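Novice: predicted model and sequence below, questions to follow.
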Amino acid sequence: MKRRLGLVFFCILILLVIAFGVMLFSSHSHGLRAELKIETADIGIPGITKAYEAKLVNRSLWPIRVQYCDFMTDAMTRRKSVPYTLERWDANANEWKTMVRANGEEFCRPYPLGIVQAKLRSRLLWPGQSISTGEEATAARDGFSIGDKVRFLI
(Lines give C-alpha, C1' and ligand atoms only; values in the text may rest on other atoms or scores of the structure.)
Protein backbone atom coordinates (compact mmCIF):
# COMPACT_ATOMS: atom_id res chain seq x y z
CA MET A 1 0.00 0.00 0.00
CA LYS A 2 2.80 2.41 0.93
CA ARG A 3 4.65 1.52 -2.25
CA ARG A 4 1.57 2.24 -4.40
CA LEU A 5 0.99 5.58 -2.62
CA GLY A 6 4.67 6.48 -3.16
CA LEU A 7 4.39 5.62 -6.87
CA VAL A 8 1.27 7.80 -7.26
CA PHE A 9 3.00 10.69 -5.46
CA PHE A 10 6.09 10.28 -7.69
CA CYS A 11 3.95 10.31 -10.87
CA ILE A 12 2.13 13.46 -9.75
CA LEU A 13 5.46 15.12 -8.97
CA ILE A 14 6.83 14.22 -12.43
CA LEU A 15 3.68 15.62 -14.12
CA LEU A 16 4.02 18.88 -12.16
CA VAL A 17 7.69 19.22 -13.14
CA ILE A 18 6.82 18.61 -16.82
CA ALA A 19 3.93 21.13 -16.68
CA PHE A 20 6.20 23.70 -15.03
CA GLY A 21 8.86 23.16 -17.71
CA VAL A 22 6.35 23.49 -20.55
CA MET A 23 4.97 26.73 -19.08
CA LEU A 24 8.44 28.11 -18.39
CA PHE A 25 9.89 27.41 -21.84
CA SER A 26 6.73 27.84 -23.91
CA SER A 27 6.56 30.83 -26.24
CA HIS A 28 3.20 31.71 -24.63
CA SER A 29 4.47 32.04 -21.06
CA HIS A 30 5.34 35.71 -21.06
CA GLY A 31 3.19 37.00 -18.23
CA LEU A 32 0.16 39.10 -19.05
CA ARG A 33 -0.74 38.96 -22.75
CA ALA A 34 -3.34 40.70 -24.87
CA GLU A 35 -5.29 38.53 -27.29
CA LEU A 36 -7.74 39.81 -29.91
CA LYS A 37 -10.98 38.02 -30.74
CA ILE A 38 -12.90 38.94 -33.93
CA GLU A 39 -16.50 37.83 -34.41
CA THR A 40 -19.18 38.32 -37.02
CA ALA A 41 -21.89 40.45 -35.44
CA ASP A 42 -25.22 42.00 -36.32
CA ILE A 43 -25.59 45.13 -34.18
CA GLY A 44 -28.38 46.61 -36.25
CA ILE A 45 -26.25 49.05 -38.26
CA PRO A 46 -26.08 48.26 -42.00
CA GLY A 47 -22.54 47.44 -43.16
CA ILE A 48 -21.16 46.80 -39.67
CA THR A 49 -20.43 43.09 -39.52
CA LYS A 50 -17.49 42.70 -37.14
CA ALA A 51 -17.11 43.01 -33.37
CA TYR A 52 -13.74 43.00 -31.64
CA GLU A 53 -12.83 41.99 -28.11
CA ALA A 54 -9.42 42.30 -26.49
CA LYS A 55 -8.66 39.93 -23.62
CA LEU A 56 -5.98 40.07 -20.95
CA VAL A 57 -4.72 36.53 -20.40
CA ASN A 58 -2.34 35.55 -17.62
CA ARG A 59 0.23 33.24 -19.23
CA SER A 60 2.65 33.43 -16.32
CA LEU A 61 3.20 31.07 -13.40
CA TRP A 62 1.97 33.61 -10.84
CA PRO A 63 -1.21 35.60 -10.25
CA ILE A 64 -1.19 39.20 -11.52
CA ARG A 65 -3.38 41.97 -10.08
CA VAL A 66 -5.58 43.73 -12.66
CA GLN A 67 -8.04 46.61 -12.42
CA TYR A 68 -11.51 46.22 -13.93
CA CYS A 69 -15.01 47.66 -13.90
CA ASP A 70 -17.73 45.53 -12.31
CA PHE A 71 -21.00 46.91 -13.67
CA MET A 72 -24.70 46.33 -14.25
CA THR A 73 -26.02 47.06 -17.75
CA ASP A 74 -29.35 48.72 -18.49
CA ALA A 75 -30.57 45.19 -19.36
CA MET A 76 -29.79 44.26 -15.74
CA THR A 77 -26.93 41.88 -16.56
CA ARG A 78 -23.69 41.89 -14.58
CA ARG A 79 -20.51 42.40 -16.63
CA LYS A 80 -16.79 43.00 -16.14
CA SER A 81 -14.52 45.04 -18.37
CA VAL A 82 -10.89 46.15 -18.30
CA PRO A 83 -9.97 49.72 -19.26
CA TYR A 84 -8.75 50.20 -22.83
CA THR A 85 -7.94 52.74 -25.51
CA LEU A 86 -8.50 52.48 -29.27
CA GLU A 87 -5.96 54.18 -31.51
CA ARG A 88 -6.08 54.75 -35.27
CA TRP A 89 -2.92 55.01 -37.37
CA ASP A 90 -2.61 58.45 -38.97
CA ALA A 91 -0.36 57.95 -42.00
CA ASN A 92 -0.05 61.72 -42.62
CA ALA A 93 1.26 62.44 -39.13
CA ASN A 94 3.03 59.05 -38.97
CA GLU A 95 1.66 58.34 -35.47
CA TRP A 96 -1.15 56.65 -33.55
CA LYS A 97 -4.10 58.92 -32.66
CA THR A 98 -6.37 58.16 -29.72
CA MET A 99 -9.96 57.72 -30.92
CA VAL A 100 -11.66 56.00 -27.95
CA ARG A 101 -10.56 56.31 -24.35
CA ALA A 102 -12.43 53.75 -22.22
CA ASN A 103 -10.18 54.39 -19.24
CA GLY A 104 -9.33 57.26 -16.91
CA GLU A 105 -11.99 59.59 -15.48
CA GLU A 106 -14.93 58.39 -17.57
CA PHE A 107 -14.18 54.69 -17.27
CA CYS A 108 -16.53 52.73 -15.03
CA ARG A 109 -19.16 55.47 -14.63
CA PRO A 110 -22.92 54.98 -15.05
CA TYR A 111 -24.52 56.54 -18.14
CA PRO A 112 -28.02 56.47 -19.66
CA LEU A 113 -28.86 53.48 -21.88
CA GLY A 114 -25.65 51.69 -20.94
CA ILE A 115 -24.40 51.27 -17.40
CA VAL A 116 -26.83 51.50 -14.49
CA GLN A 117 -24.40 50.78 -11.65
CA ALA A 118 -20.60 50.51 -11.67
CA LYS A 119 -17.69 49.99 -9.31
CA LEU A 120 -13.96 50.03 -10.07
CA ARG A 121 -12.30 46.95 -8.58
CA SER A 122 -9.07 44.99 -8.71
CA ARG A 123 -8.44 41.28 -8.42
CA LEU A 124 -5.83 38.63 -8.92
CA LEU A 125 -5.85 37.09 -12.38
CA TRP A 126 -4.57 33.55 -11.84
CA PRO A 127 -2.50 31.65 -14.42
CA GLY A 128 -4.74 30.68 -17.34
CA GLN A 129 -7.51 33.13 -16.41
CA SER A 130 -8.59 36.03 -18.63
CA ILE A 131 -10.70 39.17 -18.49
CA SER A 132 -11.86 41.20 -21.50
CA THR A 133 -12.74 44.67 -22.71
CA GLY A 134 -16.15 43.45 -23.86
CA GLU A 135 -17.22 43.55 -27.49
CA GLU A 136 -16.39 46.67 -29.47
CA ALA A 137 -17.98 47.52 -32.83
CA THR A 138 -15.17 49.84 -33.84
CA ALA A 139 -16.46 50.52 -37.37
CA ALA A 140 -19.66 52.00 -35.89
CA ARG A 141 -17.73 54.75 -34.11
CA ASP A 142 -17.13 58.20 -35.57
CA GLY A 143 -13.68 58.79 -37.02
CA PHE A 144 -13.10 55.30 -38.43
CA SER A 145 -13.14 54.35 -42.12
CA ILE A 146 -12.75 51.14 -44.11
CA GLY A 147 -9.07 50.20 -44.30
CA ASP A 148 -7.99 52.04 -41.12
CA LYS A 149 -5.34 50.40 -38.97
CA VAL A 150 -6.59 50.28 -35.40
CA ARG A 151 -5.07 48.93 -32.20
CA PHE A 152 -6.28 48.23 -28.68
CA LEU A 153 -4.22 49.37 -25.72
CA ILE A 154 -5.20 47.53 -22.55
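Specialist: Yes, it's here. On a predicted model such as this, the values are computed, not experimentally measured, just so you know.

Novice: who touches the residue most central in space within the chain in this structure?
Specialist: What sits nearest the mean C-alpha location of the chain, by CA atoms, centre = their mean, is K55, with 1.8 Å. Counting by CB atoms under 8 Å, 6 or more residues apart in numbering, K55 makes contact with 34-37, 130-133. In short, each C-beta sits where N, CA and C put it, glycine included.

Novice: of those - the most surrounded one?
Specialist: Neighbour count (other CB atoms under 10 Å) singles out T133 as the most crowded of these, with 23 neighbours.

Novice: coming back round to it: for Y68, see how far away the residue nearest to the centre of the chain is.
Specialist: As for K55, its distance to Y68 is 12 Å (criterion: CB to CB, to the nearest Å).

Novice: can you list residues touching both of these two?
Specialist: By the contact definition CB under 8 Å, 6+ apart, K55 and Y68 are jointly contacted by I131.

Novice: quickly list what the residue nearest to the centre of the chain is bridged to.
Specialist: Taking DSSP bridges as the rule, K55 bridges to E35, S132.

Novice: strands of this structure, start to end?
Specialist: Per DSSP state E, the chain carries strands over the ranges 32-40, 50-58, 64-73, 78-81, 84-90, 95-102, 115-125, 130-132, 150-153.

Novice: any idea which of these gets closest to C108?
Specialist: Across the strands of the chain, C108 has its closest neighbour in strand 64-73 (3.6 Å, CB to CB).

Novice: so how far is E35 from the nearest residue in space to L124 that is not next to it in sequence?
Specialist: In this structure, L124 finds its nearest non-sequential neighbour in P63, 4.0 Å apart by CB to CB, 6 or more residues apart in numbering. Going from P63 to E35 by CB to CB gives 18 Å.

Novice: over to L86?
Specialist: Going from L86 to E35 by CB to CB gives 16 Å.

Novice: re the thing from before, pLDDT score assigned to the residue nearest to the centre of the chain?
Specialist: K55 carries a pLDDT value of 90.

Novice: same question for Q117.
Specialist: 93.

Novice: identify the residues contacting it.
Specialist: 71-72, 110.
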